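[1] can you look at this prediction? I've put the sequence above it.
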2 protein chains.
Amino acid sequence: MAITIKLIAQKSGFSASTVSHAISGRNPGKRSLSPETINKIRAVAQEMGYRPNLLAAGLAQSKTYAIGVLVALLRGDFYERILEAITEVVWPEFSPLLAVHNYDLQRERREIDLFLGKRVDGVIAACSGREENIEAYQSIIKNYSMPLVFVDRGLNGVDCPVVRGDHEKTAFLAAHELQKLGHKRIIYATAGAKLESTELFKDGYRKAMGEAGLEPIVLHPDLAVWNKQINRQLAADVVDQVRRGDGPTAVVCQVDWLAYDVLAQCELHGLKVPDDVSVMGLQDCEPSALPAISLSTIRVSFEDVGRQAASVLLKLINGEDIGRQTFMIEPSVIMRGTTRAI
Amino acid sequence: MAITIKLIAQKSGFSASTVSHAISGRNPGKRSLSPETINKIRAVAQEMGYRPNLLAAGLAQSKTYAIGVLVALLRGDFYERILEAITEVVWPEFSPLLAVHNYDLQRERREIDLFLGKRVDGVIAACSGREENIEAYQSIIKNYSMPLVFVDRGLNGVDCPVVRGDHEKTAFLAAHELQKLGHKRIIYATAGAKLESTELFKDGYRKAMGEAGLEPIVLHPDLAVWNKQINRQLAADVVDQVRRGDGPTAVVCQVDWLAYDVLAQCELHGLKVPDDVSVMGLQDCEPSALPAISLSTIRVSFEDVGRQAASVLLKLINGEDIGRQTFMIEPSVIMRGTTRAI
DNA sequence: GTGAAAGCGCTAACAG
DNA sequence: CTGTTAGCGCTTTCAC
């Protein structure tokens, strides 16, 4: 048994409530304590190595000092960066309770249930995008009045703030930069899940092509699951197109990791980058800056996404009304070695 | 207010304790419920969207359904892989409560305090290696009787199981493979913190060199902090050595990311890899498999480290006695394109 | 089979 | 300035 407030009360000769106040430093009913009392109590507590049971405190206050963070995956230069930023912002008041849904419907539901059961003080989620779980998300807000913030993409029918990169602009910029370099036949490739974000990326690309009076070409296989093999296959398809007589002179990949595969396939088929074809990624993942890769890309600061999401959540927790605003992080162009003017 | 057991009791016409038993499916005092009762209660609960408050349940049972996971950082192809594996193993009984110490002494202490305050059911930690916090870790075990498992490295004076890669063997294998390729002058470089693990890596390298009757050369700058710039500088130093008349013909880097910098520096100075110098990493990070990098390395499965750590923790939570055993994950050799025979 | 009652450790009125 | 009391929502002994 760990040591409790009662013990401290006994040892210090005060009552439990006095101890509680002295330790917490709060004072609800305008209660005031003499400095000596406070010091004495704190000294005893210190000496005995007393650490308040936050669970019990939480039960009494309906507060858990934890927020739920639900991500799709834990790898890929994306969620971990968001997660890290969130952790920093809410520290030390809240600890992130981590959950991963892996785009699995049941799993996503279950994770939300766990958050609910644990009565976390708020939730930040990168949803799977599946409509089947709309209700689950709604119940977070409606039945439990827990603050909820979506990252990277929203979900139709769920009324809460969304913090994400400006996907549309991100893809727009990529196509636009390539156009500035003289490219006209630009292909867009993605193996992304059927998410709001995936669509926005494509929209941005299409918009850039439309404004320039160019024909958009989108490669987006319709898949239920995703794995590395799929990226490779998609990259092979892209390169196939490029090698055609009238094929694209440039390709935009929805995420840098896909672009790496395209680079690899180019090499495999004797295509020189950027001489024979220009390649751009989106999102600026870590390896892109390595000289051996040197991928031109559009950077999105996931750190900013995480930070912003966390601070919006904190506001919500503090009772501010945010509505269902969307907060967007600005992308920026990073031209490296895989693109050239033609 | 969320809905409580009392409400369910009222609506279903049973008492709170009966409801509790029906819902949880447990039966402590050999209590038995009629199936109809169970069904009826469950139906009502279902209908009202009842979700037991795990906090309250936890308070009553001294169980929190959460484990603390303390890592050094959240990026770098390492902790997130461990974290993901842990999450999968403990799911759905426990949720990981995430904490990051970033090698900061105060921060580490504070994170431990938070775990203690939250009364998590167990802790998995990648400690900072600083002795100042030995007591904090000890109090997890001694004062709070919480199960504790270290990952990647232990801490002298803290009596608990450690799960980690076989660091010594990992570095040994790297040097050994290079020796098999005919290399005699092999340099070892690291910018690692002063951790048990860092020392073990060096030991393994030295052992391999010793057994082969070769002179070990270790480059290990003595630093308080770490940043990307440091890796680059270290890589530059390595390449400096290589370019000397009688310099090393091969280099082993304690982590793949350092090797990437070495590769970059080589290119910068006109050194061909592997023609002029062979380069090996350790740990097999994601980018190493990219054709543009194709780094020879020694693979350590962090997934296995995480899984093993989690399952040891579960055993500890279930009351098994593990002592302070060290569980080691076997490394495996992965030769790619940055090494050659001479 | 089921209910009553005490209690987990802490907080927050309400008294004094 | 400080103590008493009544919960927070659930579990669990004990009694019927």
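    Yep, that arrived.

[2] where does A:Thr297 land in three-state SS?
    Secondary structure state of A:Thr297, per DSSP: H, G, I helix; E, B strand; the rest coil, is strand.

[3] tell me how many other residues crowd it.
    The local packing count at A:Thr297 equals 31, with neighbours defined by other Cβ atoms under 10 Å in any protein chain shown. All C-beta atoms are positioned from the backbone trio N, CA, C, and that covers glycine.

[4] which one is it nearest to, not counting chain neighbours?
    Distances taken as Cβ to Cβ, 6 or more residues apart in numbering or on different chains place A:Gly281 nearest to A:Thr297, at 4.1 Å, with adjacent residues excluded.

[5] how about A:Leu316?
    Here the nearest residue to A:Leu316 in space, its sequence neighbours aside, is A:Pro147; by Cβ to Cβ, 6+ apart that works out to 3.4 Å.

[6] wait, the one you found touches A:Ile124, no?
    No - in this structure, A:Pro147 sits apart from A:Ile124 without contact. The criterion is Cβ atoms under 8 Å, and the distance is 9.2 Å.

[7] what's the overlap in contacts for these two?
    A:Leu313 (Cβ atoms under 8 Å, 6 or more residues apart in numbering or on different chains).

[8] now the residue nearest to A:Leu316: how far from B:Tyr205?
    Relative to B:Tyr205, A:Pro147 is positioned 51 Å away (criterion: Cβ to Cβ, to the nearest Å).

[9] how about the residue nearest to A:Thr297, phi and psi?
    The main-chain torsion angles of A:Gly281 are listed as degrees, to the nearest 10 and equal phi -110, psi -180.

[10] please name the residues that touch it.
    By Cβ under 8 Å, 6+ apart, the contact list for A:Gly281 reads A:252-253, A:255-260, A:288, A:295-298.

[11] and A:Leu98, by the same measure?
    When contacts are counted by Cβ under 8 Å, 6+ apart, A:Leu98 touches A:69, A:71, A:83, B:69, B:83, B:87, B:95-98.

[12] dump those residues to JSON lines, plus distance to B:Tyr188, pLDDT and secondary structure.
    Compiled in JSON lines, these are given as follows (distance: Cβ to Cβ, whole Å; pLDDT from 0 to 100; DSSP: H, G, I helix; E, B strand; the rest coil):
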{"residue": "A:Val69", "distance to B:Tyr188": "39", "pLDDT": "98", "secondary structure": "strand"}
{"residue": "A:Val71", "distance to B:Tyr188": "37", "pLDDT": "97", "secondary structure": "strand"}
{"residue": "A:Leu83", "distance to B:Tyr188": "33", "pLDDT": "96", "secondary structure": "helix"}
{"residue": "B:Val69", "distance to B:Tyr188": "31", "pLDDT": "98", "secondary structure": "strand"}
{"residue": "B:Leu83", "distance to B:Tyr188": "28", "pLDDT": "97", "secondary structure": "helix"}
{"residue": "B:Thr87", "distance to B:Tyr188": "34", "pLDDT": "97", "secondary structure": "helix"}
{"residue": "B:Ser95", "distance to B:Tyr188": "40", "pLDDT": "97", "secondary structure": "strand"}
{"residue": "B:Pro96", "distance to B:Tyr188": "34", "pLDDT": "97", "secondary structure": "strand"}
{"residue": "B:Leu97", "distance to B:Tyr188": "37", "pLDDT": "98", "secondary structure": "strand"}
{"residue": "B:Leu98", "distance to B:Tyr188": "33", "pLDDT": "97", "secondary structure": "strand"}
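
[13] pull out the buried members of these.
    Neighbour-count burial within these applies to A:69, A:71, A:83, B:69, B:83, B:87, B:95-98; the criterion is 16 or more other Cβ atoms under 10 Å in any protein chain shown.

[14] and of these, the nearest to DNA strand C?
    Ranking the buried ones among the contacts of A:Leu98 by separation from DNA strand C, with Cβ to the nearest atom of the strand as the measure, puts B:Leu97 on top at 18.0 Å.

[15] could you say which helix or strand holds A:Trp257?
    helix A:256-268 (DSSP states H and E).

[16] go on, A:Glu168?
    Using DSSP H and E, A:Glu168 maps to helix A:167-180.

[17] what pairs with the helix or strand just after that helix, parallel or antiparallel?
    Later in the chain than helix A:167-180, the nearest helix or strand by DSSP H and E is strand A:186-189. If you go by DSSP bridges, strand A:186-189 pairs up with strand A:217-219 (parallel), strand A:250-253 (parallel).

[18] now for the nearest residue to A:Ser20 once chain neighbours are set aside: which residues touch it?
    Setting aside the residues directly before and after it, A:Ser20 is nearest to A:Ile5 in space (Cβ to Cβ, 6+ apart), at 6.1 Å. Counting by Cβ under 8 Å, 6+ apart, A:Ile5 touches A:16, A:19-20, A:23, A:50, A:52.

[19] quick one, which of these are buried?
    Using 16+ other Cβ under 10 Å, the buried ones in the contacts of A:Ile5 are A:19-20, A:23, A:50, A:52.

[20] hang on, the earlier thing: CA atoms only: put the helix holding A:Glu168 into PDB for me.
    Included here for helix A:167-180 are C-alpha records, laid out as PDB according to Å, rounded to 0.1, in the frame of the first residue of the first chain:
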ATOM      1  CA  HIS A 167      -3.400  19.400 -48.200                       C
ATOM      2  CA  GLU A 168      -4.900  21.100 -51.200                       C
ATOM      3  CA  LYS A 169      -2.300  23.800 -51.300                       C
ATOM      4  CA  THR A 170       0.500  21.300 -50.700                       C
ATOM      5  CA  ALA A 171      -0.300  19.300 -53.800                       C
ATOM      6  CA  PHE A 172      -1.100  22.400 -55.700                       C
ATOM      7  CA  LEU A 173       2.400  23.800 -54.900                       C
ATOM      8  CA  ALA A 174       4.000  20.600 -56.100                       C
ATOM      9  CA  ALA A 175       2.300  20.700 -59.500                       C
ATOM     10  CA  HIS A 176       2.800  24.400 -59.700                       C
ATOM     11  CA  GLU A 177       6.500  24.200 -59.100                       C
ATOM     12  CA  LEU A 178       6.900  21.600 -61.700                       C
ATOM     13  CA  GLN A 179       4.900  23.700 -64.100                       C
ATOM     14  CA  LYS A 180       7.200  26.600 -63.500                       C
END
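
[21] ok so, going back, how near is the residue nearest to A:Leu316 to A:Gly58?
    Using Cβ to Cβ, A:Pro147 is found at 16 Å from A:Gly58.

[22] show the pLDDT at A:Asn27.
    As summarised for this prediction, A:Asn27 has a pLDDT of 70.

[23] if you could redo that for A:Ser32, that was the one I meant.
    What the model reports for A:Ser32 is a pLDDT of 74.

[24] what is the burial count for it?
    8.

[25] where does it land in three-state SS?
    Using three-state DSSP as the criterion, the local structure at A:Ser32 reads coil.

[26] just to revisit the earlier point, neighbour count winner among A:Pro147 and A:Gly58?
    A count of neighbours by other Cβ under 10 Å puts A:Pro147 above the other of A:Pro147 and A:Gly58, at 25 against 22.

[27] now the more buried one: phi and psi?
    According to degrees, to the nearest 10, the main-chain angles of A:Pro147 amount to phi -60, psi 140.

[28] mind listing what it touches?
    The contact partners of A:Pro147, by Cβ under 8 Å, 6+ apart, come to A:121-123, A:141, A:160, A:313, A:316-317.

[29] same thing with A:Phe78?
    The contact partners of A:Phe78, taken as Cβ under 8 Å, 6+ apart, are A:283, A:285, A:302.

[30] distance check, it against A:Met335.
    The value you get for A:Phe78 to A:Met335, if Cβ to Cβ is used, is 22 Å.

[31] helix or strand: which one has the nearest residue to A:Met146 once chain neighbours are set aside?
    Distance criterion Cβ to Cβ, 6+ apart; nearest residue to A:Met146, sequence neighbours excluded, is A:Ile140 at 5.0 Å. Secondary-structure element containing A:Ile140, defined by DSSP H and E: helix A:134-142.
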